[in-house]
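S.K.: build me a structure from this.
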Amino acid sequence: MCGIYGWFGKSSDAARLRAMGVAIQHRGPDGFETHQYSNISLGICRLAIVDKVNGQQPFFNPDKTIATICNGEIYNHMEIRRELQTLGHRFRTHSDTEFLPYAWQEWGLGMLEKLNGMFSIAIREGDTLTLVRDRCGQKPLYLHTAENTLHFASEIRALLAAGVPAKLNRAAIPSYLVNRYVPEPLTLFEDITILPAGHFLTISPGSTAEIHAWWKPRITPVLDISENEALGKLDSLTRDAVAISLQGEEKIATYLSAGVDSAILLESIKKTGLATTAFTAGFGTASDEIHHAARIAKGNNTPHIPVILHTDDLSSLRRVVAQMELPVGDALILAFDKLAGAAAQYGYRVAIGGDGIDESMMGYSFQSHLAKIDSLPSFALKPAAALLRHCPLSLLDQFFPFPGSLGKEGRRKIADYLADFPGATPWQKSSGLRTLFTPAEAHRLCIHENFQEPTIPQASCILDRQTLHLYQSWMQDWAIIRQDRNNMAHSIEYRMPFLDHRLVEFTLALPRNLKLHKSTNKYLWRKLTKTPASKRPKQPFHLPLETFRHSAPFQTLLKDCLAPATVRARNLFHPQEIKTLVTAANQGEFLALKKIMSLIILELWMQTYID
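M.R.: Numbering: from 1, shown residues only. Coordinates of the predicted model:
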């Protein structure tokens, strides 16, 4: 794991290159290396995990016409190395990235299909620069083009250190309000974009940068396979995906929730014989699942360390927002930071988690709800919405997966979604149950900008379109970024074996009834384990703002970020709308609390980066 950075089209500037590396040295505190040739400059700060002594990058082919740097891990590097050795290539290290210039020399872009891992790669071949991002976007790569120069870096702060101006992308604010993040390739920084997941960029002298996809998630054709055959294949792929992700010379921490994904991950790790320690985040509330996670750890003879967040941790929000670089509008970023901090305190430099299977196996509640709603006749939806509007909240809360109350606003949002569903656009159907602000609410809140509804991928049905849409940005800009930024802030490499592309492609192609089976989601996946977690419904990982709102740190954040004078000076939002939200939040409304927190995070981000 490392941080990579550099540029195309600018004369050599060692001081500038060094400044970019220093800005992200938390990603690689074990040393800096650079390479400058003609109009291309490459830099890397290294976190030494595989071949710690000899694995310094860049790596070159024998005549040094090709140079490569890589952030991430290539899990199948030994397999590719052996293939290259049969072609006559010789290696001097055991690094997982030494083979890259040789593989590029042999196969060019065909090399990418052979790679299994998480990576962003920069390749200099002669005067041409190629940038690559892994299939699911586990490793980031940010871009800025100006004055015939393309800068790139693993984190935006390296671009800022190179002199790229930090300007607010005002047009993206409604998208942030709706999604709680800005979907790639855009960011909330003006003129700073991200190379999309599964894409590569090439640029040569006299030409402009070209970006193309080299991998895309696909759902069709659906596999014609029996349940037993599918279970055997799923088990084999899962075991292998976990096993190859455990390489390196550092001990590995496991982030353990109380859910089935974490249970399968820990069981798979133990089957390899590797010793690990489990870390679980909690909030000291009645809804905590730490005791369930502790039982899973005990059942696998694994030491277990609970990591409890308290209201005082809200005081760390400004620091965590700063290390996130891009605002993600949920205070759960505090939990990811504290979990990584605890692992670092115990001496871990690698952590592993069970992210990534929900998207392809339909593990989220909004996926199963969409499937049910889409199966209903259109004429039944408006009466259902009318019934819901008059349903007592005490009754609805029994079906609400979060520990707080759905609240009047939440009931109204769901009822509106049902009533509008027959005439809704594909994006509205796909995203309506997981947006924070609705587009109409964002329009009322914003003084100037309007939400631009995106186009979602084509597929045979709305549920498949939703699944593919999750791979466009939700996974990278909501789920993965929280792990990458917070772990790397503590110099920890974070691995997600369930995003092994073989596992992703197989699960995407499974028949729907092996994912959603009657009232059970992740149906086939749950069969991989006999732990009690397989029988428990998925619980949302939720920071209890309904409890934390009473604390002094929360009230301080309200005062510092959303005071009327602050809102007016920013001139982005209508002050009266903010005041109404604050009132509802102080009354404990579930959605209002989440909206207020997303606005607090946005203001902290602007104070840090824009002001």
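S.K.: residue 14 contacts residue 36, correct?
M.R.: Yes - contact criterion CB atoms under 8 Å: residue 14 and residue 36 qualify, at 7.4 Å. C-beta coordinates here come from the backbone N, C-alpha and C atoms, glycine included.
S.K.: who has more neighbours out of those two?
M.R.: Legend: neighbour count by other CB atoms under 10 Å for residue 14 and residue 36, higher for residue 36 (18 against 11).
S.K.: now the more buried one: phi and psi?
M.R.: Phi and psi for residue 36, reported as degrees, to the nearest 10, are phi -130, psi 130.
S.K.: how close does it get to residue 6?
M.R.: 9 Å (CB to CB, to the nearest Å).
S.K.: same check, this time on residue 166
M.R.: For residue 166 relative to residue 6 (CB to CB), the value is 20 Å.
S.K.: shared neighbours of residue 36 and residue 6, anything?
M.R.: 17, 42 (CB atoms under 8 Å, 6 or more residues apart in numbering).
S.K.: in the protein, which helix is the longest?
M.R.: helix 227-244 (DSSP state H).
S.K.: report the distance from that helix to the chain centre.
M.R.: Relative to its chain's centre, helix 227-244 lies at 24 Å (CA atoms, centre = their mean, to the nearest Å).
S.K.: name the residues that touch the helix or strand following that helix?
M.R.: The first helix or strand that comes after helix 227-244 along the chain, using DSSP states H and E, is strand 252-255. Here strand 252-255 makes contact (CB under 8 Å, 6+ apart) with 246, 262, 265-266, 269, 274, 276-281, 302, 339, 343, 346, 348, 350-354, 492, 495.
S.K.: need the CA coordinates for stretch 600-611. PDB is fine.
M.R.: Presented in PDB, the C-alpha positions along stretch 600-611 are these (Å, rounded to 0.1, in the frame of the first residue of the first chain):
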ATOM      1  CA  ILE A 600     -22.400  20.100   9.600                       C
ATOM      2  CA  ILE A 601     -19.900  17.800   7.800                       C
ATOM      3  CA  LEU A 602     -20.200  19.900   4.700                       C
ATOM      4  CA  GLU A 603     -19.500  23.100   6.600                       C
ATOM      5  CA  LEU A 604     -16.500  21.600   8.400                       C
ATOM      6  CA  TRP A 605     -15.100  20.500   5.100                       C
ATOM      7  CA  MET A 606     -15.600  24.000   3.600                       C
ATOM      8  CA  GLN A 607     -13.900  25.600   6.700                       C
ATOM      9  CA  THR A 608     -11.000  23.200   6.300                       C
ATOM     10  CA  TYR A 609     -10.400  23.200   2.500                       C
ATOM     11  CA  ILE A 610     -12.200  26.200   0.900                       C
ATOM     12  CA  ASP A 611     -11.900  28.900   3.500                       C
END
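S.K.: which one of residue 166 and residue 6 is surrounded by more residues?
M.R.: residue 6 (28 against 16).
S.K.: okay, and the beta partners of that one?
M.R.: residue 42, residue 152 (DSSP bridges).
S.K.: residue 45 is in contact with residue 28, isn't it?
M.R.: Yes - with contact defined as CB under 8 Å, residue 45 reaches residue 28; the gap is 3.2 Å.
S.K.: okay, and the common contacts of these two?
M.R.: 2, 3.
S.K.: sec struct for residue 45, please.
M.R.: strand (DSSP: H, G, I helix; E, B strand; the rest coil).
S.K.: so how far is residue 172 from it?
M.R.: As judged by CB to CB, residue 45 and residue 172 stand 29 Å apart.
S.K.: number of nearby residues for the closest residue to residue 397 other than its chain neighbours?
M.R.: Spatial nearest neighbour of residue 397, excluding adjacent residues (CB to CB, 6 or more residues apart in numbering): residue 405 at 5.2 Å. Residues lying near residue 405 (other CB under 10 Å) number 17.
S.K.: now swap in residue 338 and tell me
M.R.: Quick note: residue 338 (other CB under 10 Å) scores 20 neighbours.
S.K.: now list whatever residues contact both of residue 14 and residue 36.
M.R.: By CB under 8 Å, 6+ apart, no residue touches both residue 14 and residue 36.
S.K.: re the thing from before, just the residues contacting the longest helix of the chain, thanks.
M.R.: Against helix 227-244 from outside (CB under 8 Å, 6+ apart): 75-76, 116, 223, 225, 264-265, 268-269, 271-272, 497-498, 500, 502-503, 506-507, 510, 514, 524-525, 527-528.
S.K.: and the helices in the stretch 251-400 of the chain, which stretches?
M.R.: 260-271, 290-299, 317-324, 333-345, 357-361, 365-375, 381-389, 393-396 (DSSP state H, counting those that start in this stretch).
S.K.: which positions in the first one come out as buried?
M.R.: Taking 16 or more other CB atoms under 10 Å as the neighbour-count basis, helix 260-271 is seen to contain the buried residues 260, 261, 262, 263, 264, 265, 266, 267, 268, 269, 270.
S.K.: over to stretch 344-361?
M.R.: Under the neighbour-count criterion of 16+ other CB under 10 Å, stretch 344-361 has 344, 348-361 buried.
S.K.: equivalent analysis for stretch 420-430, please.
M.R.: 420, 421, 426, 427, 428, 429, 430.
S.K.: what of stretch 579-596?
M.R.: Under 16+ other CB under 10 Å, the buried positions of stretch 579-596 are 581-582, 584-586, 588-596.
S.K.: residue nearest the centroid of this protein?
M.R.: For the chain, the residue nearest the mean C-alpha position is residue 480 (1.6 Å; CA atoms, centre = their mean).
S.K.: contacts only, for residue 335.
M.R.: 281, 283, 309, 541, 543.
S.K.: from residue 553, how far off is the first one?
M.R.: Okay, so that is residue 281. 18 Å.
S.K.: what about those two, which has more around it?
M.R.: residue 281 (26 against 16).
S.K.: can you check the pLDDT for the more buried one?
M.R.: Residue 281 is assigned 95 on the pLDDT scale.
S.K.: OK, contacts around it?
M.R.: Residue 281 makes contacts with 255, 307, 308, 309, 335, 336, 338, 339, 541, as judged by CB under 8 Å, 6+ apart.
S.K.: dump those to TSV, plus pLDDT and distance to residue 241.
M.R.: As requested, the contacts of residue 281 are arranged in TSV below (pLDDT from 0 to 100; distance: CB to CB, whole Å):
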residue	pLDDT	distance to residue 241
255	98	16
307	97	26
308	96	31
309	94	30
335	96	25
336	97	22
338	97	27
339	97	22
541	76	22
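S.K.: what's next to stretch 90-110, contact-wise?
M.R.: Stretch 90-110 is contacted by residues 50-51, 54-55, 57, 59-61, 66-68, 70, 73-75, 77, 80-81, 84-85, 87, 89, 111, 114, 117, 121, 123, 125, 200, 214, 247 when judged by CB under 8 Å, 6+ apart.
S.K.: show the buried residues in those.
M.R.: Neighbour-count burial (16+ other CB under 10 Å) applied to the contacts of stretch 90-110 gives 50-51, 55, 57, 59-61, 66-68, 70, 73-75, 77, 80-81, 84, 89, 111, 117, 121, 123, 125, 200, 247.
S.K.: contact partners for residue 220?
M.R.: 459, 460, 509.
S.K.: distance to residue 609 added to those, as CSV?
M.R.: Listed next are the contacts of residue 220 as CSV, based on distance: CB to CB, whole Å:
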residue, distance to residue 609
459, 37
460, 42
509, 41
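S.K.: take those and, keeping just the buried ones, write it as a PyMOL select command.
M.R.: For the buried members of those, the matching PyMOL selection, counting by 16+ other CB under 10 Å, is:
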select buried, resi 459+509
